[in-house]
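> Take this sequence and fold it.
(chains A and B)
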Amino acid sequence: MKKAPHLTDSKQSPLEWIVSNVGRVLISLFVPLVTFLVLWQGFIFLRESQAPKVVISMVAIVWGVGGAGLLYIVANWLVEKLPDQWQKRMVPFVFVGPAIAILTWFLFLPTLRTLYLSFFNNNSTQFVGLKNYIAIFTERSMFESYRNNLLWIIFGTAGSVSFGLIIAVLADRSSFENYAKSLIFLPMAISFVGAGVIWRFIYYYRPVGQVQTGLLNAIVTALGGQPQAWTTLLQPWNNFFLIFIMVWLQTGYAMVIFSSAIKGVPEEMLEAARVDGANEFEIFFKIIIPSIQGTIITVTTTIVIFALKIFDIVIVMTGGQYGTEVIATQFYRQFFSNRNFGYGSAIAILLLVAVIPMMIYNLKQFGEREAF
Amino acid sequence: MTGKSRKKLNGFILNLTLLLICFVWTIPTIGLLLSSLRTRADIAASGWWYVFPHREWVSKDTIQLDKETIDLDKPIETQFGTFSDDQLSAGVEVNGQQLVWKNRRERTVDIKEKEWFFIPNLTLQNYQNVLSGKQYTYIQPDGSSRVEQGDDLSGALLNSLSVAIPSTVIPILIAAFAAYGFAWINFPGRRLMFTAVVALLVVPLQLALIPILRDYVSLNLNGTFLAVWLAHTGFGLPLATYLLYNYISTIPRDIFESAFIDGASHFTVFRTLVLPLSVPALASFAIFQFLWVWNDYLVALVFIGSKADVQVLTMRLADMVGSRGQDWHFLTAGAFVTMIIPLIVFFSLQRYFVRGMMAGSVKG
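Numbers count the residues shown, from 1 in each chain, chains lettered A, B, ... in the order given. The predicted structure follows:
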């Protein structure tokens, strides 16, 4: 237990006591005030300044990182000034308070506010009841999005999971496991926008007779075929060319997780099966897959949620045109282009409803833990 | 076949298959990198795979056919044989030489021979052009020149850093404090609050965009770095708190006991014991969050919008796709600029990187 300083020098005169306490209160007010002033000045500087880019960036980084640290230090300094009992009450708030405040502002309240907005018209001035929800379940363009999202979820997930599993098994027995895994995992580092450029270049189409500089059309024409505009024509098959980009990006994730799960399958079990004359395919389907079933379910769920929210790839590749719209791009279009907040909110709520099973699962898992 | 040699063959097939998959997986990125190093004219004239040694037809001689007598609808006689107009348009091969119209109207025919090209013509010019905001003049194949505006990606690169570094450090700091609070301080409502954190783990960030944008507009915060940091902090916090809680709550209590007995406050214990012990978890999450923010497009698009001097790399690149969709010399270099830092992180911190991405994937 810490001793507060004023208990030790209790022989002060009343006047001294008052002066020292008033002084302490003043300092306690002064320090936070200065902190806020400094931070505010930093904010104004960043917003108004015409200084060179590099200077602004450095100031921004120092201000942002330092400011957050400073707020904690000052808050803690203040709390330690309090009498013991209050200190005990306040400490949890210093630690947990900021996180709870930000979560409330940025996730919890917005969820309720979005739900509220979804019952209002485009500029949120008139209550319209379930009209937005009826609209998102009856409009043709939304049906197209549902169909496409379903394609993303089914084929994107199946592709990532099966490629990931196959590669994990192959890499486990190969002589260059780590290199192979690095190369497959590498696309995880690339942004969807960057990946969009990479794949636009691969799918690039020039009219018949010109040199095809896009890889896919070059291969197709070299084999005697006709060049195609892969992502714009051939609806709805063009969706699959977009979905493959997701498979390219997500396989690495699935592979890494499967790889560590496969290493957990007991070697004796595999040996015993081999002694009994099982071939590698039987081992794969009858031993490896059942042993890592739990991992497969987890990875699948994660990728399904990822596919549900897919946005960047579609925006960069086609902008949602040519029959490639998905739920998240519809949301963006309603929200930004059409400024229809009610409709956009209804779509966002739809996304939330779709992830609720996952939320319940997480909460269940958490509830089963003894730690708390 | 004996068992041993069959095993060897199986191993060979397995390695070959894996090699092939790795090749297919890597080709897109390699193609982008190589293209970004080629000149504007080269990119338009041939695929990027032409940087590898290859044979190409090179003009060796030109023959002039009789302008008066030759009718393009009839077989055309030359000293090398008789061909149709279509054949000469597409190029026709005779004894290892290729005959192709040089100028159909003038009736001149190029005689080409195949030659090896070993040394590719590579340049860093595209990078210079996309990084600076200056104007550049190109000489086009037909001799005319064309002025193009460079993209100011170096500014966007700095913006990306200014967005990504605080957006990584701030949530980690806040989450580490909160994780410690949840794990080691007893206070009323603890369980309820942490349950809320778990519930918020999978909430799609789309839900927050409209209300937060409204708040930002009324606070006049839109288009500032602070707005984007706060947004990324909010969206990253549930995961950060959850992961760091999992880690910090497993630190053995004995480690703190003696510090508390010595009269250390929670703040001191947190700063001197918990933070240093949690470095692996902090690093893994930091890498995940940094890449998430660096590669983010949607949050930046909504909260930065059209403010050009704050725009981050992904936004600029997406804009370039819209406005310069055919200028592959720009797009490939631009895309690679956005990838450089993630790739450096990937190759230098691979172990943490993989761990971070695995842990962070719940976010989707």
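
> Check chain A and tell me which residue is nearest its centre.
Geometric centre of chain A, nearest residue: A:Phe306, 8.3 Å, by C-alpha atoms, centre = their mean.

> Could you pull out the buried residues of the helix or strand that contains that one?
Using DSSP states H and E, A:Phe306 sits within helix A:293-308. Judged by neighbour count (16 or more other C-beta atoms under 10 Å in any protein chain shown), helix A:293-308 contains these buried residues: A:Thr295, A:Ile296, A:Thr298, A:Val299, A:Thr301, A:Thr302, A:Ile303, A:Val304, A:Ile305, A:Phe306, A:Ala307, A:Leu308. The C-beta positions use only the backbone N, C-alpha and C, and glycine is treated the same way.

> residues in contact with that helix?
For helix A:293-308, the surrounding residues in contact (C-beta atoms under 8 Å, 6 or more residues apart in numbering or on different chains) are A:149, A:152-153, A:156-157, A:160-161, A:164-165, A:246, A:250, A:253-254, A:257-258, A:261, A:289, A:327, A:351, A:354-355, A:358, A:361, B:202, B:361-362, B:364.

> gap between the nearest residue to A:Phe120 once chain neighbours are set aside and B:Cys22?
The shortest distance from A:Phe120 to any non-neighbouring residue, by C-beta to C-beta, 6 or more residues apart in numbering or on different chains, is to A:Gly342 (4.9 Å). Per C-beta to C-beta, to the nearest Å, A:Gly342 is found 49 Å from B:Cys22.

> next one: B:Trp184
Distance from B:Trp184 to B:Cys22, by C-beta to C-beta: 46 Å.

> Compare those two (neighbour count), which wins?
B:Cys22 (22 against 18; other C-beta atoms under 10 Å in any protein chain shown).

> Just confirm the more buried one contacts A:Leu183, I think it does.
Yes. Between B:Cys22 and A:Leu183 there is a contact at 4.6 Å, judged by C-beta atoms under 8 Å.

> you'd agree A:Phe284 is up against A:Ala168?
No. Assessed by C-beta under 8 Å, A:Phe284 is found out of contact with A:Ala168, at 10.9 Å.

> residue ranges for the helices of the stretch 101-250 of chain A, please.
Counting by DSSP state H, counting those that start in this stretch, the stretch 101-250 of chain A has these helices, from start to end: A:109-117, A:131-138, A:140-151, A:157-173, A:177-185, A:192-202, A:215-222, A:238-263.

> Single out the most deeply packed of the ones you listed.
helix A:192-202 (a mean of 25; mean count of other C-beta atoms under 10 Å in any protein chain shown).

> any idea of the mean pLDDT in that one?
The average pLDDT for helix A:192-202 rounds to 89.

> can you list contacts of it?
Counting by C-beta under 8 Å, 6+ apart, A:187, A:190, A:214-216, A:231, A:241, A:244-245, A:248-249, A:311-313, A:315-317, B:28-29, B:31-32, B:35, B:295, B:297, B:314, B:317-318, B:321, B:325, B:328, B:331-332, B:334-335, B:338-339 sit against helix A:192-202.

> Tell me how far that helix lies from the chain's centre.
In terms of C-alpha atoms, centre = their mean, to the nearest Å, the centre of helix A:192-202 is set 20 Å apart from its chain centre.

> what does stretch A:357-367 give?
Distance, stretch centre to chain centre, for stretch A:357-367: 18 Å (C-alpha atoms, centre = their mean).

> Which secondary structure state is assigned to the closest residue to chain A within the stretch 201-350 of chain B?
Closest to chain A within the stretch 201-350 of chain B is B:Gly234: 2.5 Å, counting by C-beta to the nearest C-beta. At B:Gly234 the chain is in helix, as set by DSSP: H, G, I helix; E, B strand; the rest coil.

> Give the burial count for it, as a bare number.
B:Gly234 has 26 nearby residues by other C-beta under 10 Å.

> Touching, it and B:Leu207? I think so.
No. Here B:Gly234 does not reach B:Leu207: they are 11.4 Å apart, not a contact under C-beta under 8 Å.

> Would you mind grabbing the residues shared as contacts by these two?
Overlap of the contact sets of B:Gly234 and B:Leu207 (by C-beta under 8 Å, 6+ apart) consists of A:Leu107.
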